[in-house]
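Asks: build the 3D model from these lines:
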Amino acid sequence: MKELDKTDKGILKLLEQDSTLTHKEIAYRLHKTVNPIHARIRNLENSGYIKKYRADVDHKKVGKGLICYTQVSLKQHSKESLNAYKTEVVKVPEVMECYHLTGPFDFLLRIACKDIDEYNLILNEKLSVLPDVGNMQSLFVMSEVKHETGYMFDEN
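Replies: Presented below is the predicted three-dimensional model:
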């Protein structure tokens, strides 16, 4: 991986704030010309710094008002067991994020659903039947205090 310079970091910061910015707008804000900005963005995409572009959708407005974090422990910790769980959990559409962890739980899931009744259905019919699930604990979001998707970059 190459070292990011100030312009690359500026591009990433601007795109994280608003992925709909045109190359011309980015060039203007960074005091550059369009062609080098276009080439840099393509390079950032090709080298994997920019994985995709997306909209930040309000979960409540699309009927997914309940956000839940579910901690999952598996019965077994073999490579096969972990891989089997990973393969199946990504197929559950309500699971928005899944992280393999160290500590008392093996996985942390972020789940978005309509309400507690829907979550109960997801828990009983989709999550508890996944391979080697031993224990699950759920934490429900009461209010969102901070939601940030961008990363801070050094100004160098």
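Asks: contacting residues around the residue in the chain sticking out farthest from the centre?
Replies: Ranking residues of the chain by C-alpha distance from their mean position (C-alpha atoms, centre = their mean) puts Thr33 at the top, at 32.0 Å. Thr33 makes contacts with Ala27, as judged by C-beta atoms under 8 Å, 6 or more residues apart in numbering. C-beta coordinates here come from the backbone N, C-alpha and C atoms, glycine included.
Asks: what of Val34?
Replies: 23-24, 27.
Asks: closest to the centroid, which residue in this protein?
Replies: Glu97 (5.7 Å).
Asks: so it: helix, strand or coil?
Replies: With DSSP: H, G, I helix; E, B strand; the rest coil as the basis, Glu97 sits in strand.
Asks: tell me what it is bridged to.
Replies: Glu97 has the following beta-bridge partners by DSSP bridges: Arg110.
Asks: list the contacts for it?
Replies: Shown in contact with Glu97 (C-beta under 8 Å, 6+ apart): 108-110.
Asks: out of the contacts of Val34, which is nearest to Lys13?
Replies: When those are compared for distance to Lys13 (C-beta to C-beta), Ala27 comes out closest, at 14.3 Å.
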